[in-house]
Structures are given as structure tokens and as C-alpha cells.
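Asker: what's the 3D shape of this:
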Amino acid sequence: MDKVSRRSIVHETWGVDCSAWRLLTRPDLAVAEEAMAPGTTEKCHVHRRARQFFYVLSGTLGMEREEGDTVRLEPGEGLEMPPGMAHRAHNPGDRPVRFLVVSAPPTQGDREDLE
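Answerer: Numbering: from 1, shown residues only. Predicted structure coming up:
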């Protein structure tokens, strides 16, 4: 296994002003560092197989869940999203948010947008 860092892997963009660095992609596990600019959001979606864990490194991450509630995560806080639960990440703050997303198995081909 080689050492990985954001400097050694490809930077991807998604949505408007959002970024991802795929730190680890294996058949049973994926780890990404992601960043969202202030005021950005993603589409509400669901993963049928993948379980995800979101862990905030800096800034504030809002996670809307299908139950109709929004959980605010601050640095050092995380939230599990089980398979089949609709969710949407957004940045409600006035500075960028950086967070880790751990997915088992990876979400490739397992995302269904609900909007």
C-alpha cells in the first residue's frame, strides 16, 4: 500500500464549487475527502447498498435526512447514513466545509437521485 494525500491524487469537481479527492477505492470500501463552498447543496439521493459515514474536518455540514430533520455537524462530529435512507449534504455556513465520506461498499453505480 502506498501513502496517499490530496496532493498525490486527482482532484474532482461536482455540483457548483464542490470538490472530491478519492483517497481509497476498493471493491468493499471507499474513502473520500470532500469540500463544499458556503451555501452549496447536493441533490437529495439514496444508496440502496452503500452505508456511509460523514465526518467533518472543518466548517459546518448540514445533513438532511428522509425523516425531515437536518443534523448540523461541526468539526470532530460524524453521522452514519444507512443504506436506503434518502439524504442531502449542504453547507449552511459562511465558510467552506471539509469532510470525509466513508462508503461500504463504494457508491459507484449505487446512487439514485430523487429530484
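Asker: nearest residue to the most centrally placed residue in the chain in space, please, no chain neighbours.
Answerer: Nearest to the mean C-alpha position of the chain, by CA atoms, centre = their mean, lies V101 at 4.5 Å. Nearest non-adjacent residue to V101, counting by CB to CB, 6 or more residues apart in numbering: A32, 4.8 Å away. Placement of C-beta: from N, CA and C, glycine included.
Asker: next one: phi and psi at that neighbour?
Answerer: Backbone geometry at A32, expressed as degrees, to the nearest 10, gives phi -130, psi 150.
Asker: likewise R88?
Answerer: With angles defined as degrees, to the nearest 10, R88 sits at phi -150, psi 130.
Asker: hmm, it is touching H45, no?
Answerer: Yes: the pair R88 / H45 is scored as a contact, 7.1 Å apart, by CB atoms under 8 Å.
Asker: returning to that earlier point: partners of the residue nearest to V101 in the sheet?
Answerer: Bridge pairing for A32 (DSSP bridges) gives the partners R22, V101.
Asker: now H90
Answerer: Assigned bridge partners for H90, using DSSP bridges, are T41, G62.
Asker: my guess is it meets A37, correct?
Answerer: No: if you go by CB under 8 Å, H90 and A37 don't touch, sitting 10.8 Å apart.
Asker: find the least confident helix or strand in this protein, judged by mean pLDDT.
Answerer: strand 11-14 (a mean of 92; mean pLDDT, DSSP states H and E).
Asker: tell me which residues in that one are buried?
Answerer: Within strand 11-14, not a single residue qualifies as buried, counting by 16 or more other CB atoms under 10 Å.
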